[in-house]
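>>> Here is the input, now give the coordinates:
(chains A and B)
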Protein chains: 2
Amino acid sequence: MGQVFLLVGFSGILALIYAMMAYRKVSGFRVDNERVEELSSIIHRGAMAFLNREYRWLFPFVILVAVLLTWKLGLPTALAFVLGAMCSAVAGYIGMNVATKSNGKTAYAATRGMNPALNVAFKGGSVMGMAVVGLGVLGILVCYFLYRDPSVITGFGFGASSIALFARVGGGIYTKAADVGADLVGKVEAGIPEDDPRNPATIADNVGDNVGDIAGMGADLFESYVNSIIAAMAIGVIVAGGVGVAYPLVLAGIGIISSILGTVVVKVKEGGNAQAALRKGTFLTGALMMVGAFLATKFMMDDIALFWSVLSGILVGVLIGWVTEIYTSADYKPVKQIAQATETGAATTILSGIAVGMISTVVPVIMICVATLVSYKFGGLFGIACSAVGMLSITGMTLSVDAYGPIADNAGGIAEMSKLPPEVRKITDKLDAVGNTTAAMGKGLAIGSAALTALSLFAAYAAAVNLQAIDLSNPTVMAGLFLGGMLPFLFSALTIQAVGRAAEKMIDEVRRQFREIPGIMEGTARPEYEKCVEISTGAALKEMVLPGLLAIVCPVLVGIFLGPEALGGLLGGAIVTGVMLAIFMSNSGGAWDNAKKYIEEGHHGGKGTEQHAAAVVGDTVGDPFKDTSGPSLNILIKLMSVVAVVMAPLFL
Amino acid sequence: MGQVFLLVGFSGILALIYAMMAYRKVSGFRVDNERVEELSSIIHRGAMAFLNREYRWLFPFVILVAVLLTWKLGLPTALAFVLGAMCSAVAGYIGMNVATKSNGKTAYAATRGMNPALNVAFKGGSVMGMAVVGLGVLGILVCYFLYRDPSVITGFGFGASSIALFARVGGGIYTKAADVGADLVGKVEAGIPEDDPRNPATIADNVGDNVGDIAGMGADLFESYVNSIIAAMAIGVIVAGGVGVAYPLVLAGIGIISSILGTVVVKVKEGGNAQAALRKGTFLTGALMMVGAFLATKFMMDDIALFWSVLSGILVGVLIGWVTEIYTSADYKPVKQIAQATETGAATTILSGIAVGMISTVVPVIMICVATLVSYKFGGLFGIACSAVGMLSITGMTLSVDAYGPIADNAGGIAEMSKLPPEVRKITDKLDAVGNTTAAMGKGLAIGSAALTALSLFAAYAAAVNLQAIDLSNPTVMAGLFLGGMLPFLFSALTIQAVGRAAEKMIDEVRRQFREIPGIMEGTARPEYEKCVEISTGAALKEMVLPGLLAIVCPVLVGIFLGPEALGGLLGGAIVTGVMLAIFMSNSGGAWDNAKKYIEEGHHGGKGTEQHAAAVVGDTVGDPFKDTSGPSLNILIKLMSVVAVVMAPLFL
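Purely as a prediction, here's the structure:
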């Protein structure tokens, strides 16, 4: 078995080597345009400043929790927690660092053609993707070899989850405050276009894209990734001993190798289809993973039953991404219906978007149920955990594709701001459009994987507290279920309100600069970009505290005062309403966004009409839905579950 | 024990006698104004026509279900089902009949002063309140004496639930289609005021208030009322035998007597406070109920533990109503915040209303949990059921107050349309304003009682299928929980879309009449009111079918294909997300409504400003939230639970 772990460790190191090489390549790409360099560097500095301050805020929190964990659960769990938090932070740091360097380089590369631009953007994204899986697998292995106890490793997952929650909530608030501030004052009041360098909030807006979509998404998937593996190991050791610990790790290792091989085919000819190139890479990775999982199951297990569990996870992950696209892309009926509803005003636009988001829960929920039941049939609770690992095993590839999106988006902004020729903007626009589709699929995957990961953590919790049953007909459990079901609603409301408060501050500042800086509208004076970055940063950090603590404190309180069964109910309730609200809010938001873009393409009267104004209302409502509350809910349910698993010994 | 039942039956008869006397008094009140008479009679005919057609649609459905029940569960259950459906229909019919007669009489009585007007309106409402409790108690008694088997009586509850669901969904679609049609074309496009007789949809709008708020609310509370009693009897017979059957009925009987005594003090002096009069009546009823419940518990039970269960139900009912008012009345901060948000446009208005609605779930959920845990501590599962009975025992009074609201609202409309002097309108406005507050409390009570009733039905289901546990750590149960949690989202989306479709038809028709009927705008030609009534009626009946069937078919399918444990999970999931969404949607809608009214009173610029336009968007989004989807969810969760209880033998 030792050799198996060695091979898995080797795959993790390979991922880091890949990330390092990709990083070098991107860094080595020279940009010969002063304006591009300057803008990219402002965004880079703003993003890194946010991360630095965020980590400085989180440092005392991590220490405090570590002390409490040492006191209550012993040093090993506390150390694992710190390591998990550090790995997540480092992965976020590396990913953000390279992503905010790649944006300007992508814009400049676009002056040479489509393939160089795609190459830089995707390479930049892949640094993040590979860093996440490499650090994830190696971190888990280190913890396991130090203590040989899967229950200690849950501390590692707890650390990753904590960072992820703050990154998602903070990042989500940051990006939307900047976005709303830039749009409302710049576009609406001052009447200047998006990404106009005269807008003081435009840099904060671009920084926000990175803070939310790169660091937030990276921490989110890092968390899903490691927790799915950890939950599988925790259940695996109970049902199958050593091989139960090794099997999930082997799946992860195969996923890394498949991802690396998959990246090789992501290339496009001049005038070719970037979307097809990314899809080819993803499909190749998926196919290799399936073959690898089959062989691994055949050699490690008595029969291939577990393979079906893994397969169900991979397939459902792909299918949920696809359904997400149907409900949020303007190529399909739902978004067109929302665009149609703009004909009768803002109210009907809102109602039809809400209805689309609510209905979009149906198919993903049925698929999650099918995956759960199928994988349970073939592999028991361990099967469920392995299906989550299957879904997430190709994170190296999917996250690379995901992270590519905001890089391409930023590249477009930089091209605009530094007045590169229109054919450059055309290329970045094409890359950006592809990014929107991949983002939809990525969001679907994030939700699906969150649901399955939370379900396997739930199973791990049930095993850890060793309950006969978490009996719904016991009123204490039912009370837990109600309290748990309420938390995602409270959490969503708090994050929506936080965005509102932060956006207000931003609006005030942008108005002040327009008023007080002479020459700003003529483009002769430089706006104080840094002030806006500072406001978003400060507000995001302040506002992330309450929702973040809620997620950690509630399960502990319920476990202590109402007991482990009620805590089981709490988790069940939170997972169910959390998944529903996450799908609903993300998809409503995505659909409104694309309905607005669809109208801007000239449908229903196009820009400047009343229909467009109604669509803008929808889009603005959707912003915190899809970029703050929705994605944060993914983490909420995982974090609450992992808190329950880690703290389980306290409730016995 | 026989004498006890006799006394309960006597209280039921008393309620019906009270209703009959009140009906006579209202009918005997002569209106000496032709225009008032005519308008009232058009509304009356429209409302009764809707009810007649609805019942005709439901007739084959009731027969079909009865045949299926006879085949699968035997004739007694089928007969109980038919009786339950009939009692609900008759109660709705009586209530609607008198309410639509009282509106014109209230308007005319207002020419004589405040007290006569309040008297007529409240008497009219009390017919509905007393008919519901009288028919409820007597129907249950008849079923019990015919078969002496609480499990058969669940068929009665099933019948009541089915009618309630269709009444709520159909009524909700009817009222909002008419409302939106009347507002969008009349107020916005043609620029004529609300309740203007030139608007062809104005009668349909007034009919809709009755169809939604009288028939819908009546069927809703009839259902909660009988099902809470039935669930308590079903559990009671298991844990305490005969006295367990009698005790809930006795509570109901005491509630009826208390309600009748409470109505006596609802009087107001000229220039006095109508709100205070209604509150005095409600408090007196509540106080009498508490004393009665204490005495009944002392004499019927070994100790008074169960009294605490009942008391927790009564108190939580009152408190939830109070919390609802805080979140939806312009006297408190949340609505003022929404009004403030109109300063930055429609999008922020929507977001802040959504946040208010979501946050408003917190306190009610905690209170429901407290009631559940307290009543369980003192009386086990039977205690939970008795707390629901306690909350609903004073339905006779609370529903009278509730039904008063739409009567006063209609009276205002009729006063406007028939051009009664302004001091009359002032009185009806005062009565209407009181109605808005009572409606908020009534809605809170409807949700709270739905939650507790569904929980006791859930307990009855668990007892009926005789499961060791409904174990959340069993993935089949978890899959059921997910599917159940998804249904309220699907159901809400379907009802929102149904309102949209129905409103579109109405808008087309109103536009057509304005275009094609010469002299309509000058007031020389009479609009074709009946056509609009017909459109609302037809659309409501057509659109109620799919959501209605969903509620009945889903539990049966899950029970058959995934088993009784998964069905338990389904119910748990549906109850949790159903309660959350119901509170969220009702309160968001109510808060937007009152934020708009608050602005119309002159705050934030008042009518005609951009702030007002933003508030109108919020109000329009809130309309289907608070009057269609939200209230329908109450019934969805009860109906699914009662279907599970009735069908339980099929899943064993």
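
>>> what about stretch A:619-639, start to end distance?
Stretch A:619-639 has its terminal residues 29 Å apart, counting by C-alpha to C-alpha, to the nearest Å.

>>> phi, psi of residue A:607?
Residue A:607 has phi and psi values of phi -60, psi 150 when expressed as degrees, to the nearest 10.

>>> show me the residues around the nearest residue to it once chain neighbours are set aside that make contact.
What sits nearest to residue A:607 in space, not counting adjacent residues and going by C-beta to C-beta, 6 or more residues apart in numbering or on different chains, is residue A:600, at 5.4 Å. (C-beta placed from N, C-alpha, C; glycine too.) For residue A:600, the contact set (C-beta atoms under 8 Å, 6 or more residues apart in numbering or on different chains) comprises A:606-607, A:612.

>>> Now the phi/psi pair for residue A:600, please.
The phi/psi pair for residue A:600 (degrees, to the nearest 10) is phi -70, psi -20.

>>> pLDDT score for it?
Per-residue pLDDT puts residue A:600 at 90.

>>> Contacts only, for residue A:525.
Residue A:525 neighbours (C-beta under 8 Å, 6+ apart): A:517-519.

>>> On the three-state scheme, residue A:127 is what?
Following DSSP: H, G, I helix; E, B strand; the rest coil, residue A:127 is assigned to helix.

>>> Not counting sequence-adjacent ones, nearest residue to it?
Per C-beta to C-beta, 6+ apart, closest to residue A:127 is residue A:98, 4.3 Å.

>>> my guess is the one you found contacts residue A:25, does it?
No: between residue A:98 and residue A:25 there is no contact under C-beta atoms under 8 Å: 10.1 Å.

>>> Show me which of the two is the more surrounded one.
Per other C-beta atoms under 10 Å in any protein chain shown, whichever of residue A:98 and residue A:25 has more neighbours is residue A:98, with 26 against 15.

>>> can you pull the buried residues of the helix or strand hosting that one?
Using DSSP states H and E, the element containing residue A:98 is helix A:75-109. Residues of helix A:75-109 classed as buried by neighbour count (16 or more other C-beta atoms under 10 Å in any protein chain shown): A:76-109.

>>> Distance check, the residue nearest to residue A:607 against residue A:24.
Here the distance between residue A:600 and residue A:24 works out to 39 Å (C-beta to C-beta, to the nearest Å).

>>> Tell me the residue in chain A that is farthest from the middle.
Largest separation from the mean C-alpha position in chain A: residue A:518, at 40.5 Å (C-alpha atoms, centre = their mean).

>>> which residues sit in contact with it?
residue A:525 are the contacts of residue A:518 under C-beta under 8 Å, 6+ apart.

>>> Name the SS class of it, please.
Going by three-state DSSP: residue A:518 is coil.

>>> can you pull the pLDDT of it?
Looking at residue A:518, its pLDDT is 87.

>>> Same question for residue A:1.
pLDDT at residue A:1 comes out at 68.

>>> before we move on, what about residue A:198?
86.

>>> what does residue A:275 give?
For residue A:275, pLDDT reads 84.

>>> isn't it right next to residue A:434, touching?
Yes: with contact defined as C-beta under 8 Å, residue A:275 reaches residue A:434; the gap is 4.6 Å.

>>> Among these two, which residue is more densely surrounded?
Using other C-beta under 10 Å as the criterion, residue A:275 and residue A:434 rank with residue A:434 on top: 23 against 16.

>>> Doesn't the more buried one belong to a helix?
Yes: according to three-state DSSP, residue A:434 belongs to a helix.

>>> What pLDDT is listed against it?
Model confidence at residue A:434, given as pLDDT, is 82.

>>> and it, what does it touch?
Residue A:434 is in contact with A:274-275, A:278, A:405, A:408, counting by C-beta under 8 Å, 6+ apart.

>>> again with residue A:382
Counted by C-beta under 8 Å, 6+ apart, residue A:382 has contacts A:232, A:235-236, A:239-240, A:244, A:306, A:309.

>>> Distance of it relative to chain B?
Remark: distance between residue A:382 and chain B (C-beta to the nearest C-beta, to the nearest Å) = 12 Å.

>>> what's the helix or strand for that residue?
Going by DSSP H and E, residue A:382 is in helix A:362-393.

>>> buried residues in that helix?
Across helix A:362-393, burial judged by 16+ other C-beta under 10 Å covers A:362-365, A:367-369, A:371-376, A:378-393.

>>> Next, the contact list for the residue nearest to residue A:127, please.
Listed by C-beta under 8 Å, 6+ apart, the contact set of residue A:98 reads A:22-23, A:26-27, A:124, A:127-128.

>>> what do you get if the cut-off is 6 Å, keeping everything else the same?
A:23, A:26, A:124, A:127 (C-beta atoms under 6 Å, 6 or more residues apart in numbering or on different chains).

>>> Looking at these, which are in helices?
The members of those that map onto helices under DSSP state H are A:23, A:26, A:124, A:127.

>>> For these, pick the one with the most neighbours.
When neighbours are taken as other C-beta under 10 Å, the top entry among the ones in helices among the contacts of residue A:98 is residue A:124 (33 neighbours).

>>> mind exporting whichever helix or strand comes after the helix holding residue A:382 as PDB, just the C-alpha atoms?
Downstream of helix A:362-393, the next assigned helix or strand under DSSP H and E is helix A:395-417. Listed next in PDB are the C-alpha coordinates belonging to helix A:395-417 (Å, rounded to 0.1, in the frame of the first residue of the first chain):
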ATOM      1  CA  THR A 395     -10.800  19.600 -10.700                       C
ATOM      2  CA  GLY A 396      -7.300  20.200 -12.100                       C
ATOM      3  CA  MET A 397      -8.800  20.600 -15.500                       C
ATOM      4  CA  THR A 398     -12.200  22.200 -14.800                       C
ATOM      5  CA  LEU A 399     -10.700  24.800 -12.500                       C
ATOM      6  CA  SER A 400      -8.100  25.700 -15.100                       C
ATOM      7  CA  VAL A 401     -11.000  26.300 -17.500                       C
ATOM      8  CA  ASP A 402     -12.900  28.200 -14.900                       C
ATOM      9  CA  ALA A 403     -10.100  30.500 -14.000                       C
ATOM     10  CA  TYR A 404      -9.500  31.200 -17.600                       C
ATOM     11  CA  GLY A 405     -12.800  33.000 -17.800                       C
ATOM     12  CA  PRO A 406     -12.000  36.100 -15.500                       C
ATOM     13  CA  ILE A 407      -8.600  36.300 -17.100                       C
ATOM     14  CA  ALA A 408     -10.100  36.700 -20.500                       C
ATOM     15  CA  ASP A 409     -12.700  39.100 -19.100                       C
ATOM     16  CA  ASN A 410     -10.000  41.300 -17.500                       C
ATOM     17  CA  ALA A 411      -8.000  41.100 -20.700                       C
ATOM     18  CA  GLY A 412     -11.000  42.700 -22.500                       C
ATOM     19  CA  GLY A 413     -11.200  45.400 -19.900                       C
ATOM     20  CA  ILE A 414      -7.500  46.200 -20.200                       C
ATOM     21  CA  ALA A 415      -7.700  46.200 -24.000                       C
ATOM     22  CA  GLU A 416     -10.500  48.700 -23.700                       C
ATOM     23  CA  MET A 417      -8.800  50.900 -21.100                       C
END
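
>>> Report all helices and strands that helix A:395-417 contacts.
When contacts are defined as 3 or more C-beta pairs under 6 Å, 6 or more residues apart in numbering or on different chains; DSSP states H and E, helix A:395-417 sits against helix A:34-73, helix A:75-109, helix A:114-147, helix A:202-209, helix A:217-240, helix A:242-264, helix A:274-300, helix A:422-465.

>>> Just the mean pLDDT for it, thanks.
89.

>>> Just give me how far stretch A:273-288 sits from the chain centre.
Stretch A:273-288 sits 20 Å away from the centroid of its parent chain (C-alpha atoms, centre = their mean, to the nearest Å).

>>> got a list of contacts for that stretch?
A:118, A:258-259, A:261-263, A:265-268, A:394, A:397, A:401, A:431, A:434.
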